[in-house]
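S.K.: just the structure for this:
(chains A, B, C and D)
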There are 2 protein chains.
Amino acid sequence: MTSVDEPAQTNGRLRDAARTQAEILDVATQEFARAGYDGARVDEIAARTRTTKRMIYYYFGGKEQLFTAVLERAYGVIREAEQQLDVEHLDPVAAIRRLAELTFDHHEQHPDFIRLVSIENIHGAEHIAASAKLGRIGSPALEVIRRILAAGQESGLFTADVDAVDLHALISSFCFFRVANRHTFGVLFGRDLVDPAQRAHYRTMLGDMVIAYLTAERAAD
Amino acid sequence: MTSVDEPAQTNGRLRDAARTQAEILDVATQEFARAGYDGARVDEIAARTRTTKRMIYYYFGGKEQLFTAVLERAYGVIREAEQQLDVEHLDPVAAIRRLAELTFDHHEQHPDFIRLVSIENIHGAEHIAASAKLGRIGSPALEVIRRILAAGQESGLFTADVDAVDLHALISSFCFFRVANRHTFGVLFGRDLVDPAQRAHYRTMLGDMVIAYLTAERAAD
DNA sequence: TAGCTAATGTACGAACTAGTACGTTAGCTA
DNA sequence: TAGCTAACGTACTAGTTCGTACATTAGCTA
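M.R.: So this is what the prediction gives:
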């Protein structure tokens, strides 16, 4: 982290539109994730930036658009990470397990993103619905799942008729819940789902669950 | 619904502390679930009640305590419903499937509760942590799971060493995710997880997943 | 039925908060 | 290097929002 006291010089320039915007987005991401949309304070975001509130309105237009920009960038980061997925050289069972593990790691490493998604759902997903960048964007992981499932079904390892979107939802559910509901679950059940000592346990549990589901004998519909 | 125009007479009395408090809690539950803690407006809650804002402060003390009271009542309703669980007359496999299905139904039927839990997690579960009624309260469903698991493991139907709290988390994950993230998931993947036409499909999927996990051959740790 | 208190209503204030009007300057370009 | 404009800062406002001081009364009880 760079000190905030010294003049705004990171690139040797005092004025740098790109840097200012990025810095606003960084701080806004933290603030929205911390307090929710309505709990977040524009003044607080500005104060924790090397620029002023004026610039937030200059570059983003308002609180609502700033939140949308934060979501767009957050989803962009996730997309990029998912595009690095490299599991298709493995056999289908190992590939799915690996993909589930990477999804697990990924959720754990981005709690702010999880919080933003929770917050956006409280608001009916109105921001991403209105965003040109985010409407029906899908997920790169989904394509990977689709291909692995096809291979697994082809080879007879997986029982037929498991849909890629459904499997994605199933894997995401556990990863998301563990991080998103960590606090209430911890208070109610006295167990921290994100306890590092339990990490390997839950990671294995997720993989076991997914593989068991995909490879179980299933009665015909 | 009773009309709000007529004088506040539901029990033949104009003044009824219990009724006034219950009405405030009803409306507050809706308002907090709708807009989140910070998005909720005390004036709005008062306006949609047959009483005034003064009464909210008279009975609950403030917005924060009102939210805590809303959570306490919401968790109470859930507890009561879970105490009605009657699945232990079934064999372990059928019992767990039935329990998963009831959990599924239950989440679907209480979207406001799901939203309140999401909101409380955004705020680090500080309200339920401070509540005398809710600290480490657990869940009646957990005891049921514990007993079914024991029976299933005893009879050899279930592979050993699945913890009740973990299984509860696994089942809840999917049920919770489906309702809580309905909006963002719908926009991103073009699929409504709470679409009534898909209900039976997802309900079965959850049961299949849980049973597959519990009955799969598992390598020793 | 007199009197008391829990229950209720009205009106207001202090603090906060998103957003803006207006003025200034860094640094590129001709 | 003169001038122009994107980038930036200051100071303020209008509206909102939680909370409360003060006044009133329903309805129980002695």
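
S.K.: tell me the contacts of the residue nearest to the spatial centre of chain A?
M.R.: Centre of chain A computed as the mean C-alpha position; nearest residue by C-alpha atoms, centre = their mean is A:Phe113, 4.5 Å away. Contacts were defined as C-beta atoms under 8 Å, 6 or more residues apart in numbering or on different chains; by that measure A:Phe113 touches A:33, A:74, A:77-78. Glycine gets a C-beta too; all of them are placed from N, C-alpha and C.

S.K.: now swap in A:Arg218 and tell me
M.R.: If you count contacts by C-beta under 8 Å, 6+ apart, A:Arg218 has them with A:159, B:208.

S.K.: again, but for A:Asp91
M.R.: A:Leu157.

S.K.: tell me which of the contacts of A:Phe113 is nearest to A:Ala141?
M.R.: Ranking these by separation from A:Ala141, with C-beta to C-beta as the measure, puts A:Ile78 on top at 9.1 Å.

S.K.: which one is the closest one nearest to, not counting chain neighbours?
M.R.: The shortest distance from A:Ile78 to any residue other than its chain neighbours is 6.3 Å, reached at A:Phe113 (C-beta to C-beta, 6 or more residues apart in numbering or on different chains).

S.K.: for the one you found, give me the pLDDT.
M.R.: The predicted local confidence for A:Phe113 comes out at a pLDDT of 98.

S.K.: and the closest residue to A:Ala125 other than its chain neighbours, what element?
M.R.: Setting aside the residues directly before and after it, A:Ala125 is nearest to B:His183 in space (C-beta to C-beta, 6+ apart), at 3.5 Å. Taking DSSP states H and E as the criterion, the element that holds B:His183 is helix B:182-189.

S.K.: who does that helix touch, helix- and strand-wise?
M.R.: The contact analysis (3 or more C-beta pairs under 8 Å, 6 or more residues apart in numbering or on different chains; DSSP states H and E) places helix B:182-189 against helix A:111-122, helix A:126-130, helix A:164-180.

S.K.: buried ones in stretch A:107-119?
M.R.: A:107-108, A:110, A:113-119 (16 or more other C-beta atoms under 10 Å in any protein chain shown).

S.K.: max pairwise distance over those residues: which two?
M.R.: A:Glu108 and A:Ile119 (18.7 Å).

S.K.: hmm, the longest helix along chain A touching DNA strand D?
M.R.: Among the elements of chain A assigned as helix by DSSP state H, the one spanning the most residues is helix A:17-39. Yes: legend: contact between helix A:17-39 and DNA strand D by C-beta under 7 Å from any atom of the strand is shown at A:17, A:19-20.

S.K.: now that helix - C-alpha only, PDB.
M.R.: In PDB, the C-alpha atoms belonging to helix A:17-39 read as follows (Å, rounded to 0.1, in the frame of the first residue of the first chain):
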ATOM      1  CA  ALA A  17      -7.400  10.100 -14.600                       C
ATOM      2  CA  ALA A  18      -6.900   6.400 -14.800                       C
ATOM      3  CA  ARG A  19      -5.200   6.200 -11.400                       C
ATOM      4  CA  THR A  20      -7.800   8.300  -9.700                       C
ATOM      5  CA  GLN A  21     -10.600   6.300 -11.100                       C
ATOM      6  CA  ALA A  22      -8.900   3.000 -10.000                       C
ATOM      7  CA  GLU A  23      -8.300   4.300  -6.600                       C
ATOM      8  CA  ILE A  24     -12.000   5.400  -6.200                       C
ATOM      9  CA  LEU A  25     -13.100   2.000  -7.300                       C
ATOM     10  CA  ASP A  26     -10.700   0.200  -4.900                       C
ATOM     11  CA  VAL A  27     -12.000   2.200  -1.900                       C
ATOM     12  CA  ALA A  28     -15.600   2.000  -3.000                       C
ATOM     13  CA  THR A  29     -15.400  -1.700  -3.300                       C
ATOM     14  CA  GLN A  30     -14.200  -2.000   0.300                       C
ATOM     15  CA  GLU A  31     -16.800   0.500   1.500                       C
ATOM     16  CA  PHE A  32     -19.800  -1.100  -0.300                       C
ATOM     17  CA  ALA A  33     -18.600  -4.500   0.700                       C
ATOM     18  CA  ARG A  34     -18.200  -3.400   4.300                       C
ATOM     19  CA  ALA A  35     -21.500  -1.600   4.800                       C
ATOM     20  CA  GLY A  36     -23.900  -2.500   2.000                       C
ATOM     21  CA  TYR A  37     -25.200  -0.100  -0.600                       C
ATOM     22  CA  ASP A  38     -27.200   2.100   1.700                       C
ATOM     23  CA  GLY A  39     -24.700   1.800   4.600                       C
END
